[in-house]
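Novice: Build me a structure from this.
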Amino acid sequence: MEKPSLPLTIAKTFVITAISLAVVVPMLVVVSTSFASGAQIREAGGYVLFPTDPTLEAYRTIFASPLVFRSLGVSVFVTVVGTLLALFVTICMAYALSRPVLGGKFMLMAIILTLFFSPGLIPMFLMVKQLGLLNSIWSLILPGVFAGFNFIVMRSFFMGIPAELTEAARIDGASDFRILRTVVLPLSKAVIAVIGLFYAVGFWNAFFNAMLYINDQTLWPIQMILRSYVIQGTSLTADQLGVQQTPPPQSIKMAVVVVALAPIVLVYPFLQKYFSKGVITGAIKG
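Specialist: I've put the predicted structure just below:
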């Protein structure tokens with residue numbers, strides 16, 4: 001390959017730098033404001049880029065607050081349990097439909113096509129209500145345990161596994177579940193990690209189901225706190241937080257944003273090496 005010209009190199013550097021600054025600077029402002037003191041926030045007009053007198057008071061307050069701490073527990077439970085259930089359902093269905101299907105390609109396409117149509121808001125609400133899941137934490141999990149895109153990627157990956165491996169295991173007397181557990185899954189760590197990340201991010205960031213199905217504030221996930229008290233601009237009072245005195249409202253809001261972002265930001269680097277491999281391989285094999 002030819003070496004890029006100097007103007008092209010400069011242009012690429014400028015574009016990458018601009019994009020990086022557009023991502024890093026807002027995050028830096030959020031983190032810095034969460035550590036800033038009340039006086040500095042007032043002097044800076046609400047947002048601080050570099051705190052001169054950093055303090056952890058905002059974080060001490062939200063972690064001492066039953067409201068925020070409980071919502072974090074709800075989000076962690078929904079994310080962990082929802083991701084495990086979603087992976088189980090997606091893996092089982094993707095493996096089953098990666099094998100020869102009765103009725104051939106027509107039946108397979110009919111099954112796959114239905115996965116991309118949502119039942120609609122009102123039918124879904126009525127179904128959740130009829131199942132008795134209103135004001136239940138399971139209403140935040142069960143409606144999201146399957147995603148058509150994730151299914152397609154995982155099925156495509158399973159189809160790329162050499163048939164000789166599964167046939168050899170079948171000749172040795174292994175059942176379908178044994179083949180899936182001992183042959184297919186060990187070869188699919190990359191795509192499972194990627195799909196698991198997709199599901200985990202979806203469950204962690206979801207707030208719309210909580211708006212529809214949850215009226216009890218004690219079952220709110222952290223994203224509902226983020227929406228109600230940060231995006232809509234409502235201030236978190238001392239009574240709502242369950243503390244006697246609160247730091248500046250802007251500092252509290254930015255601290256909640258950091259707490260809501262931190263888990264995904266910390267998990268992603270550990271799964272990054274699987275990310276490109278899992279998605280690209282699944283897409284090519286399909």
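Novice: ok, so what distance separates the spatially most central residue of the chain from residue 186?
Specialist: Nearest to the mean C-alpha position of the chain, counting by CA atoms, centre = their mean, stands residue 201 at 0.4 Å. Relative to residue 186, residue 201 is positioned 25 Å away (CB to CB, to the nearest Å). C-beta: built from backbone N, CA, C; applies to glycine.
Novice: what stretches of the stretch 51-200 of the chain score poorly on pLDDT?
Specialist: Scanning the stretch 51-200 of the chain for pLDDT under 70 picks out the ranges 101-108, 111.
Novice: For residue 175, give me phi and psi.
Specialist: Dihedral pair for residue 175: phi -80, psi 170, per degrees, to the nearest 10.
Novice: how many neighbours does residue 10 have?
Specialist: 11 (other CB atoms under 10 Å).
Novice: Read off the pLDDT value for it.
Specialist: We have a pLDDT of 87 for residue 10.
Novice: Check residue 286 too.
Specialist: 44.
Novice: and stretch 198-213, how far from the chain's centre?
Specialist: In terms of CA atoms, centre = their mean, to the nearest Å, the centre of stretch 198-213 is found 8 Å from the chain centre.
Novice: start to end distance for that stretch?
Specialist: In terms of CA to CA, to the nearest Å, the two terminal residues of stretch 198-213 are separated by 23 Å.
Novice: who touches that stretch?
Specialist: 75, 78-79, 82-83, 86-87, 90, 121, 125, 128, 133-136, 139-141, 143-144, 147, 150, 219-221, 223-224, 226-227, 263-264, 267 (CB atoms under 8 Å, 6 or more residues apart in numbering).
Novice: do the same with stretch 170-183
Specialist: Stretch 170-183 is contacted by residues 91, 92, 95, 99, 161, 165, 166, 169 when judged by CB under 8 Å, 6+ apart.
Novice: how's the chain carved up into domains?
Specialist: Here the domain parsing of the chain from automatic domain parsing is 1-55, 56-285.
Novice: what's the most buried one of those?
Specialist: Among these, ranked by average contacts under mean count of other CB atoms under 10 Å, first place goes to domain 56-285 (a mean of 17).
Novice: ranges for the helices of this structure?
Specialist: Remark: helices assigned in the chain by DSSP state H are 6-35, 38-44, 57-64, 66-98, 104-114, 121-130, 148-159, 163-171, 176-179, 189-205, 208-213, 222-226, 238-241, 249-285.
Novice: now for stretch 200-212, what's the gap between its first and last residues?
Specialist: Stretch 200-212 has an end-to-end distance of 20 Å (criterion: CA to CA).
Novice: which ones are touching residue 56?
Specialist: The contact partners of residue 56, by CB under 8 Å, 6+ apart, come to residue 35.
Novice: distance of it from residue 27?
Specialist: With distances taken as CB to CB, residue 56 is found 18 Å from residue 27.
Novice: Please apply the same query to residue 270.
Specialist: Distance, residue 270 to residue 27, by CB to CB: 19 Å.
Novice: Then residue 139?
Specialist: Residue 139 is 32 Å from residue 27, by CB to CB.
Novice: How about residue 146?
Specialist: Using CB to CB, we find residue 146 at a distance of 32 Å from residue 27.
Novice: Residue 5 too?
Specialist: Counting by CB to CB, the separation of residue 5 from residue 27 is 33 Å.
Novice: now residue 88
Specialist: Shown here: residue 88 relative to residue 27, a distance of 34 Å by CB to CB.
Novice: closest to residue 50 out of the helices of the chain?
Specialist: Closest to residue 50 of the helices of the chain, according to CB to CB: helix 6-35, at 6.0 Å.
Novice: I'd say residue 89 and residue 145 touch.
Specialist: Yes: with contacts counted by CB atoms under 8 Å, residue 89 reaches residue 145, the gap being 5.3 Å.
Novice: ok, for residue 92, nearest residue in space, not its chain neighbours?
Specialist: Distances taken as CB to CB, 6 or more residues apart in numbering put residue 180 closest to residue 92, at 7.9 Å, once the chain neighbours are dropped.
Novice: try residue 220
Specialist: Computed as CB to CB, 6+ apart, the closest residue to residue 220 that is not its neighbour in sequence is residue 71, at 5.2 Å.
Novice: Show the contacting residues for the one you found.
Specialist: 220, 221, 222, 224, 225.
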